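*Asks:* Predicted model and sequence follow; I will ask about them next.
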Amino acid sequence: SLIPVLHNACNDKRAKMVLIRHDSPPSKSKLRFTQQGLITLLLITSLVLVIPSLVLVGKLTNSTAGDHHIRAIEAIDASVKIDIKPPKRTHQKVNKRALKPFVEETHQKLEGSEITNQQSPAKQFKSYPGFTKAPSVVCGGHKAPSCDQCPQGNGASWCNGECEWRDEQCVRSSKLDHIHPDYFRIIDRYAFQPVMNNNHEYVNVIMVRSPFRDRDDEDLYNFFKDDILFLGISSFEAFPLKSPNPYSGIFESEYYLNMFPGFLHMMRDPDEYFPPKVETILMSQSDFNLHESERFGKQHANDEKIYDFLYSGGDQDVESDCVGWASHNKNFSFVREALEVMCSSEFNVTGVLVANKNKAGTKACTIPAGM
């Protein structure tokens, strides 16, 4: 009888049919020849698969140095974030932190070489044409139009700040070579704040702490955002959310929530406001000033305390009897209520109100009678 044997799926049109006759079993010589042929075929197939595999493994194991060199340069050239991508290996987990010293060492060895020069040419910064104020530099204790005009005949002692004394000349500080030349002109505007590292050196990062006050702020941001890393930071009222102050300007929160790649905030639930693409950290501008307050407190810890409380207001709203933007921020309406209790005969505490009068001392905000 004939028995059909189908290879592959039964419904596959490419399936082959082999007819085997059971009434005439094969002879031993034919069976031996068939087995030998099958073994030979398996050996040839194994060699065809194994040899290229060995060559491929050899290439992976012998090419790591050059591949790491190239990727190290690419990683270091990144202006915002270093993302090290070593060759893939299935037998071990890559430790990015362990690779960082290697990347730095590789960059030092290749610095100045033809490869480095080709991979990372000197950055050419563009200058904003819309500045209205004349350029100036901080010489230390004073300003000048440029570093060469800082000394004014006084030599190196008048050449500090953004400048340094080199070869008997006052020139731009070498510590600022990586900083955009317009960096300090940008941070002249209220919305923009500079950033320093732990060594008190400026970095090419600017914090945006408030809504843009005019179109010039927005134009500056759009012009420089490819050369300088801009991050948002909570500082001004509820920024980037709308202010609860009825005297504040109105802006669209969504615009600023989506603007920056990262935001330093003071929100309880930031995920409810920021899109997933924005990295966030619980930290506001006041967190960077804690050391000064701590230093002041320790310095005066043993001073005699004359007053029980101190209220620091603002004199912007004196003419309107402390009703307005600044007084709302300082919660002066509550201060008036609190003073009646704190300064009553029951508690009889003594305090000082700062900036409750205008600068001429001719008018003050009203407080409860008898205070």
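*Replies:* Structure received.
*Asks:* Can you name the next helix or strand after the lengthiest strand in the chain?
*Replies:* Counting residues, the longest strand found in the chain (DSSP state E) is strand 202-208. Where DSSP states H and E defines the elements, the next helix or strand beyond strand 202-208 is helix 215-224.
*Asks:* And the average pLDDT for that next one is what?
*Replies:* Across helix 215-224, pLDDT averages out at 94.
*Asks:* now swap in stretch 345-361 and tell me
*Replies:* Mean predicted confidence for stretch 345-361 is 88.
*Asks:* What are the buried residues along that stretch?
*Replies:* Applying a neighbour-count criterion of 16 or more other CB atoms under 10 Å, one finds 353, 355-356 buried in stretch 345-361. (Glycine included, C-beta is placed from N, CA and C.)
*Asks:* Out of those residues, name the ones that lie in helices.
*Replies:* Counting by DSSP state H, no part of the buried residues of stretch 345-361 is found in helices.
*Asks:* Format these as TSV; extra columns: distance to Arg215.
*Replies:* Output for the buried residues of stretch 345-361, formatted as TSV (distance: CB to CB, whole Å):
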residue	distance to Arg215
Leu353	39
Ala355	32
Asn356	36
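*Asks:* What is the nearest of these to Arg268?
*Replies:* Relative to Arg268, the closest of the buried residues of stretch 345-361 is Ala355; by CB to CB it sits at 30.9 Å.
*Asks:* dump the residue contacts of that closest one.
*Replies:* Applying CB atoms under 8 Å, 6 or more residues apart in numbering to Ala355 gives the contacts 312-315.
*Asks:* how near is it to Glu294?
*Replies:* 24 Å (CB to CB, to the nearest Å).
*Asks:* can you check Lys225 too?
*Replies:* 35 Å.
*Asks:* So for the two, which residue has more residues nearby?
*Replies:* Lys225 (13 against 10; other CB atoms under 10 Å).
*Asks:* so what's the more buried one up against?
*Replies:* The contact partners of Lys225, taken as CB under 8 Å, 6+ apart, number zero.
*Asks:* at 10 Å instead, please
*Replies:* Going by CB atoms under 10 Å, 6 or more residues apart in numbering, Lys225 touches 206, 259-260.
*Asks:* out of these, who has the most neighbours?
*Replies:* Ile206 (24 neighbours).
*Asks:* Now do the same contact list for that residue.
*Replies:* Here Ile206 is in contact with 180, 183, 186-187, 191-195, 220-221, 224-225, 228-231, 233 (CB under 10 Å, 6+ apart).
*Asks:* now do 7 Å
*Replies:* 186-187, 192-195, 228, 230 (CB atoms under 7 Å, 6 or more residues apart in numbering).
*Asks:* Against Phe236, how distant is it?
*Replies:* 15 Å.
*Asks:* a helix runs through Phe263, doesn't it?
*Replies:* No: applying DSSP: H, G, I helix; E, B strand; the rest coil, one finds Phe263 to be strand, outside a helix.
*Asks:* For it, the count of nearby residues, please.
*Replies:* Neighbours of Phe263 (other CB under 10 Å): 25.
*Asks:* where does the residue nearest to it when sequence neighbours are not counted land in three-state SS?
*Replies:* Closest residue to Phe263 apart from its sequence neighbours, by CB to CB, 6 or more residues apart in numbering: Gly232 at 4.0 Å. Under three-state DSSP, the three-state class of Gly232 is strand.
*Asks:* Can you verify Pro368 is assigned to a strand?
*Replies:* No: read with three-state DSSP, Pro368 is coil and lies in no strand.
*Asks:* Number of residues surrounding it?
*Replies:* Pro368 has 13 neighbours, counted by other CB under 10 Å.
*Asks:* give the contact list for it.
*Replies:* 336, 339-340.
*Asks:* what's the answer for Met342, then?
*Replies:* 309, 349.
*Asks:* Relative to Pro181, how far out is Lys175?
*Replies:* Lys175 is 14 Å from Pro181, by CB to CB.
*Asks:* Return the member of the contacts of Lys225 nearest to Ser286.
*Replies:* Nearest member of the contacts of Lys225 to Ser286, counting by CB to CB, is Ile206, at 18.3 Å.
*Asks:* re earlier: of the contacts of Ile206, keep whichever come out buried.
*Replies:* Buried, going by 16+ other CB under 10 Å: 186-187, 192-193, 195, 228, 230, out of these.
*Asks:* out of those, which are inside strands?
*Replies:* Those of the buried ones among the contacts of Ile206 lying in strands (DSSP E): 192-193, 195, 230.
*Asks:* Using CSV, lay out the residues you listed together with pLDDT and distance to Glu162.
*Replies:* Shown next, in CSV, are those (pLDDT from 0 to 100; distance: CB to CB, whole Å):
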residue, pLDDT, distance to Glu162
Phe192, 96, 16
Gln193, 94, 17
Val195, 92, 15
Phe230, 97, 21
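*Asks:* Specify which member of the residues you listed is nearest to Phe212.
*Replies:* Distances from Phe212 to those, taken by CB to CB, are shortest for Phe192, at 9.7 Å.
*Asks:* So what sits opposite the closest one in the bridge?
*Replies:* Val208 (DSSP bridges).
*Asks:* Does it touch Val208 like I think?
*Replies:* Yes: Phe192 is within contact range of Val208, at 6.3 Å (criterion: CB atoms under 7 Å).
*Asks:* got a list of what Asp182 touches?
*Replies:* 127-128.
*Asks:* Residue numbering should commence at 59 henceforth.
*Replies:* Got it, the first residue is 59 from now on, which makes the last one we talked about Asp240.
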